[in-house]
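K.L.:
Have a look; sequence and predicted model below, questions after that.
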Amino acid sequence: MVNLLDTIRNTLVPIHKEGYVFVIAFFVASLLLGLIAAPLFWIGLVLTLWCAYFFRDPERVIPQDDDIIVSPADGRVSSVQMVVPPAELDLGSEPMLRISVFMNVFDCHVNRSPARGRVSQIVYRPGQFVNAELDKASVDNERNGLVIETKHGKLGVVQIAGLVARRILCFVHQNEPLDAGERFGLIRFGSRLDIYVPEGGQPRVSLGQRTICGETVIAEFNSGKGPTISRRN
(Lines give C-alpha, C1' and ligand atoms only; values in the text may rest on other atoms or scores of the structure.)
Protein backbone atom coordinates (compact mmCIF):
# COMPACT_ATOMS: atom_id res chain seq x y z
CA MET A 1 0.00 0.00 0.00
CA VAL A 2 2.86 2.37 0.81
CA ASN A 3 4.44 1.75 -2.60
CA LEU A 4 1.09 2.37 -4.30
CA LEU A 5 0.66 5.68 -2.48
CA ASP A 6 4.20 6.71 -3.45
CA THR A 7 3.49 5.87 -7.09
CA ILE A 8 0.31 7.95 -7.07
CA ARG A 9 2.08 10.82 -5.32
CA ASN A 10 4.90 10.79 -7.89
CA THR A 11 2.46 10.59 -10.82
CA LEU A 12 0.19 13.45 -9.76
CA VAL A 13 2.12 16.63 -10.53
CA PRO A 14 1.38 19.64 -8.27
CA ILE A 15 -0.55 22.59 -9.70
CA HIS A 16 1.01 26.02 -9.43
CA LYS A 17 -0.94 28.29 -7.10
CA GLU A 18 -1.57 30.74 -9.97
CA GLY A 19 -3.66 28.06 -11.66
CA TYR A 20 -6.12 27.30 -8.84
CA VAL A 21 -8.56 30.05 -9.76
CA PHE A 22 -8.64 28.92 -13.40
CA VAL A 23 -9.17 25.26 -12.56
CA ILE A 24 -12.02 26.15 -10.19
CA ALA A 25 -13.57 28.51 -12.74
CA PHE A 26 -13.44 25.85 -15.47
CA PHE A 27 -15.04 23.28 -13.15
CA VAL A 28 -17.83 25.62 -12.04
CA ALA A 29 -18.51 26.51 -15.67
CA SER A 30 -18.70 22.79 -16.45
CA LEU A 31 -21.33 22.28 -13.74
CA LEU A 32 -23.41 25.17 -15.04
CA LEU A 33 -23.16 23.95 -18.62
CA GLY A 34 -24.18 20.49 -17.43
CA LEU A 35 -27.48 21.94 -16.27
CA ILE A 36 -28.16 22.93 -19.87
CA ALA A 37 -27.02 19.69 -21.50
CA ALA A 38 -25.14 16.70 -20.10
CA PRO A 39 -22.61 16.50 -23.00
CA LEU A 40 -21.53 20.08 -22.23
CA PHE A 41 -20.53 19.00 -18.73
CA TRP A 42 -18.18 16.34 -20.07
CA ILE A 43 -16.65 18.77 -22.56
CA GLY A 44 -16.14 21.25 -19.73
CA LEU A 45 -14.61 18.54 -17.55
CA VAL A 46 -12.07 17.71 -20.26
CA LEU A 47 -11.17 21.40 -20.48
CA THR A 48 -10.87 21.54 -16.68
CA LEU A 49 -8.41 18.64 -16.73
CA TRP A 50 -6.45 20.36 -19.50
CA CYS A 51 -6.34 23.55 -17.41
CA ALA A 52 -4.96 21.61 -14.43
CA TYR A 53 -2.40 20.02 -16.75
CA PHE A 54 -1.40 23.41 -18.17
CA PHE A 55 -0.66 24.85 -14.71
CA ARG A 56 1.34 21.82 -13.57
CA ASP A 57 4.50 22.61 -11.64
CA PRO A 58 6.70 19.48 -11.49
CA GLU A 59 9.90 19.24 -9.50
CA ARG A 60 13.07 19.29 -11.54
CA VAL A 61 16.63 18.03 -10.94
CA ILE A 62 18.83 21.11 -11.44
CA PRO A 63 22.52 20.72 -12.46
CA GLN A 64 24.74 22.49 -9.94
CA ASP A 65 27.43 24.05 -12.13
CA ASP A 66 28.05 27.77 -12.63
CA ASP A 67 29.66 27.06 -16.01
CA ILE A 68 26.38 25.93 -17.60
CA ILE A 69 23.10 27.61 -18.48
CA VAL A 70 19.90 25.61 -18.26
CA SER A 71 16.69 26.10 -20.18
CA PRO A 72 14.26 28.48 -18.43
CA ALA A 73 11.28 26.75 -20.03
CA ASP A 74 9.86 23.50 -21.34
CA GLY A 75 9.49 23.72 -25.09
CA ARG A 76 11.23 23.59 -28.44
CA VAL A 77 14.36 25.50 -29.45
CA SER A 78 13.16 27.86 -32.19
CA SER A 79 16.28 30.00 -32.65
CA VAL A 80 20.03 29.86 -32.00
CA GLN A 81 21.76 32.92 -33.43
CA MET A 82 23.79 36.05 -32.73
CA VAL A 83 21.57 39.13 -32.39
CA VAL A 84 21.69 42.54 -30.72
CA PRO A 85 19.74 42.31 -27.42
CA PRO A 86 16.74 44.58 -26.75
CA ALA A 87 17.82 48.11 -25.86
CA GLU A 88 15.83 48.13 -22.60
CA LEU A 89 18.08 45.41 -21.14
CA ASP A 90 21.19 47.66 -21.36
CA LEU A 91 23.32 44.72 -22.51
CA GLY A 92 25.15 46.79 -25.10
CA SER A 93 24.93 47.13 -28.86
CA GLU A 94 27.10 44.16 -29.80
CA PRO A 95 25.43 40.91 -30.93
CA MET A 96 25.00 38.23 -28.25
CA LEU A 97 24.16 34.55 -28.54
CA ARG A 98 20.38 34.31 -28.30
CA ILE A 99 18.66 30.99 -27.68
CA SER A 100 14.88 31.03 -28.00
CA VAL A 101 12.55 28.40 -26.52
CA PHE A 102 8.97 28.29 -27.79
CA MET A 103 6.23 26.92 -25.51
CA ASN A 104 2.96 25.62 -26.93
CA VAL A 105 -0.26 25.31 -24.92
CA PHE A 106 0.66 21.76 -23.83
CA ASP A 107 4.05 22.67 -22.33
CA CYS A 108 4.60 23.44 -18.66
CA HIS A 109 4.65 27.24 -18.46
CA VAL A 110 6.49 27.77 -15.17
CA ASN A 111 9.77 29.60 -15.88
CA ARG A 112 13.02 28.94 -14.01
CA SER A 113 16.27 30.89 -13.80
CA PRO A 114 18.87 29.78 -16.38
CA ALA A 115 21.77 30.42 -14.00
CA ARG A 116 22.72 31.44 -10.47
CA GLY A 117 23.10 35.16 -9.87
CA ARG A 118 21.45 38.40 -8.83
CA VAL A 119 18.57 40.14 -10.61
CA SER A 120 20.01 43.54 -11.52
CA GLN A 121 17.16 44.74 -13.72
CA ILE A 122 13.53 43.95 -14.57
CA VAL A 123 11.92 45.75 -17.50
CA TYR A 124 8.35 45.29 -18.74
CA ARG A 125 7.37 46.42 -22.26
CA PRO A 126 3.80 46.42 -23.63
CA GLY A 127 3.35 45.24 -27.19
CA GLN A 128 1.52 43.08 -29.67
CA PHE A 129 0.51 39.42 -29.52
CA VAL A 130 1.77 37.99 -32.81
CA ASN A 131 2.86 34.36 -33.11
CA ALA A 132 5.75 33.92 -30.65
CA GLU A 133 7.55 31.62 -33.10
CA LEU A 134 8.14 34.56 -35.44
CA ASP A 135 11.49 36.30 -35.06
CA LYS A 136 9.82 39.72 -34.91
CA ALA A 137 8.06 38.67 -31.68
CA SER A 138 11.28 39.53 -29.81
CA VAL A 139 10.74 43.18 -30.76
CA ASP A 140 7.00 43.60 -31.36
CA ASN A 141 5.37 41.49 -28.64
CA GLU A 142 4.57 42.26 -25.02
CA ARG A 143 7.53 41.12 -22.94
CA ASN A 144 9.18 41.15 -19.55
CA GLY A 145 12.97 41.13 -19.40
CA LEU A 146 15.30 40.17 -16.56
CA VAL A 147 19.02 40.85 -16.40
CA ILE A 148 20.86 38.44 -14.11
CA GLU A 149 24.40 39.18 -12.90
CA THR A 150 26.19 35.82 -13.14
CA LYS A 151 29.73 34.56 -12.69
CA HIS A 152 30.28 35.03 -16.43
CA GLY A 153 28.65 38.43 -16.81
CA LYS A 154 25.18 39.77 -17.49
CA LEU A 155 22.63 37.27 -18.77
CA GLY A 156 19.31 38.37 -20.24
CA VAL A 157 16.14 36.30 -20.13
CA VAL A 158 12.98 37.69 -21.73
CA GLN A 159 9.45 36.37 -21.25
CA ILE A 160 7.53 37.03 -24.47
CA ALA A 161 3.75 36.85 -24.82
CA GLY A 162 2.42 34.91 -27.79
CA LEU A 163 -0.63 34.68 -30.01
CA VAL A 164 -2.74 33.21 -27.19
CA ALA A 165 -0.83 34.44 -24.14
CA ARG A 166 -2.31 37.51 -22.49
CA ARG A 167 -0.55 37.54 -19.14
CA ILE A 168 3.12 37.49 -18.10
CA LEU A 169 3.85 36.89 -14.41
CA CYS A 170 7.17 37.61 -12.71
CA PHE A 171 7.67 36.46 -9.12
CA VAL A 172 11.04 38.06 -8.37
CA HIS A 173 12.24 41.61 -7.69
CA GLN A 174 15.27 43.71 -8.51
CA ASN A 175 18.42 42.93 -6.47
CA GLU A 176 16.99 39.56 -5.46
CA PRO A 177 19.35 36.55 -5.61
CA LEU A 178 18.36 33.59 -7.79
CA ASP A 179 19.60 30.02 -7.83
CA ALA A 180 19.88 28.14 -11.10
CA GLY A 181 16.54 26.47 -11.75
CA GLU A 182 14.67 28.62 -9.24
CA ARG A 183 11.13 29.58 -10.31
CA PHE A 184 10.89 33.21 -11.37
CA GLY A 185 7.74 33.50 -13.48
CA LEU A 186 4.93 32.06 -15.56
CA ILE A 187 3.21 32.95 -18.85
CA ARG A 188 -0.41 32.20 -19.82
CA PHE A 189 -1.08 30.54 -22.45
CA GLY A 190 1.54 29.74 -25.12
CA SER A 191 4.64 31.91 -25.47
CA ARG A 192 8.43 32.07 -25.77
CA LEU A 193 11.59 32.84 -23.81
CA ASP A 194 14.72 34.46 -25.22
CA ILE A 195 18.01 33.86 -23.41
CA TYR A 196 20.91 36.22 -24.13
CA VAL A 197 24.11 34.39 -23.21
CA PRO A 198 27.19 36.32 -21.98
CA GLU A 199 30.32 36.32 -24.15
CA GLY A 200 32.17 33.02 -24.09
CA GLY A 201 29.10 30.79 -23.80
CA GLN A 202 28.83 28.01 -26.39
CA PRO A 203 25.39 26.68 -27.41
CA ARG A 204 24.61 23.11 -26.40
CA VAL A 205 21.26 22.79 -28.17
CA SER A 206 20.12 22.76 -31.79
CA LEU A 207 17.07 24.00 -33.67
CA GLY A 208 14.01 21.87 -33.05
CA GLN A 209 15.39 20.24 -29.90
CA ARG A 210 13.01 19.76 -27.00
CA THR A 211 14.09 21.26 -23.68
CA ILE A 212 13.18 20.49 -20.08
CA CYS A 213 12.94 23.54 -17.85
CA GLY A 214 15.75 23.67 -15.29
CA GLU A 215 17.38 20.47 -16.57
CA THR A 216 18.42 20.80 -20.21
CA VAL A 217 21.81 22.47 -20.64
CA ILE A 218 21.47 25.06 -23.41
CA ALA A 219 24.90 26.75 -23.17
CA GLU A 220 28.27 26.16 -21.53
CA PHE A 221 31.34 28.19 -20.54
CA ASN A 222 35.00 27.21 -20.14
CA SER A 223 34.82 24.38 -22.62
CA GLY A 224 37.26 23.79 -25.45
CA LYS A 225 34.48 22.30 -27.54
CA GLY A 226 32.68 24.37 -30.14
CA PRO A 227 28.92 24.50 -30.68
CA THR A 228 27.08 21.20 -30.41
CA ILE A 229 25.81 19.81 -33.71
CA SER A 230 22.80 17.50 -33.80
CA ARG A 231 20.95 15.60 -36.48
CA ARG A 232 17.55 13.95 -36.73
CA ASN A 233 17.46 10.19 -36.96
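P.N.:
Cool, the structure landed.

K.L.:
who are the neighbours in contact with the residue nearest the centre of the chain?
P.N.:
Nearest to the mean C-alpha position of the chain, counting by Cα atoms, centre = their mean, stands Ala73 at 2.9 Å. Neighbour list for Ala73: Val101, Met103, Asp107, His109, Asn111, Arg112, Leu193, Thr211, Cys213 [criterion: Cβ atoms under 8 Å, 6 or more residues apart in numbering]. Any C-beta I mention is one placed from the backbone N, CA and C, and that applies to glycine too.

K.L.:
6 Å - rerun?
P.N.:
Taking Cβ atoms under 6 Å, 6 or more residues apart in numbering, we find Ala73 in contact with Val101, Met103, Asn111, Leu193, Cys213.

K.L.:
okay, the residues you listed in a markdown table with neighbour count and secondary structure next?
P.N.:
Listed next are the contacts of Ala73 as a markdown table, based on neighbours: other Cβ atoms under 10 Å; DSSP: H, G, I helix; E, B strand; the rest coil:
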| residue | neighbour count | secondary structure |
| --- | --- | --- |
| Val101 | 27 | strand |
| Met103 | 26 | strand |
| Asn111 | 29 | strand |
| Leu193 | 25 | strand |
| Cys213 | 26 | coil |
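
K.L.:
So which of the residues you listed is the closest to Val80?
P.N.:
Taking Cβ to Cβ as the measure, Val80 lies nearest Val101 of the contacts of Ala73, at 10.3 Å.

K.L.:
Quick one, grab the pLDDT at the closest one.
P.N.:
Note on Val101: pLDDT of 95.

K.L.:
what does the one 3 residues further on give?
P.N.:
Looking at Asn104, its pLDDT stands at 85.

K.L.:
just the one 5 residues further on next, same as before
P.N.:
Per-residue confidence for His109 comes out at a pLDDT of 83.

K.L.:
Which parts of the protein are helices?
P.N.:
2-11, 20-36, 38-54, 137-140 (DSSP state H).

K.L.:
list the helices and strands the last one packs on?
P.N.:
Read that as helix 137-140. Where contact means 3 or more Cβ pairs under 6 Å, 6 or more residues apart in numbering; DSSP states H and E, helix 137-140 is not packed against any helix or strand.

K.L.:
swap in the third one?
P.N.:
Using 3+ Cβ pairs under 6 Å, 6+ apart as the contact definition, the elements that helix 38-54 packs against are helix 20-36.

K.L.:
lowest-confidence stretch among the helices of the chain?
P.N.:
Looking across the helices of the chain, the weakest by mean pLDDT turns out to be helix 2-11, at a mean of 52.

K.L.:
one step back: can I get the helices of the chain in TSV with mean neighbour count?
P.N.:
TSV is the format used below for the helices of the chain (neighbours: other Cβ atoms under 10 Å):
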stretch	mean neighbour count
helix 2-11	8
helix 20-36	14
helix 38-54	15
helix 137-140	18
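
K.L.:
is it true that Tyr196 touches Lys154?
P.N.:
No - with contacts defined as Cβ atoms under 6 Å, Tyr196 does not count as touching Lys154, sitting 8.3 Å away.
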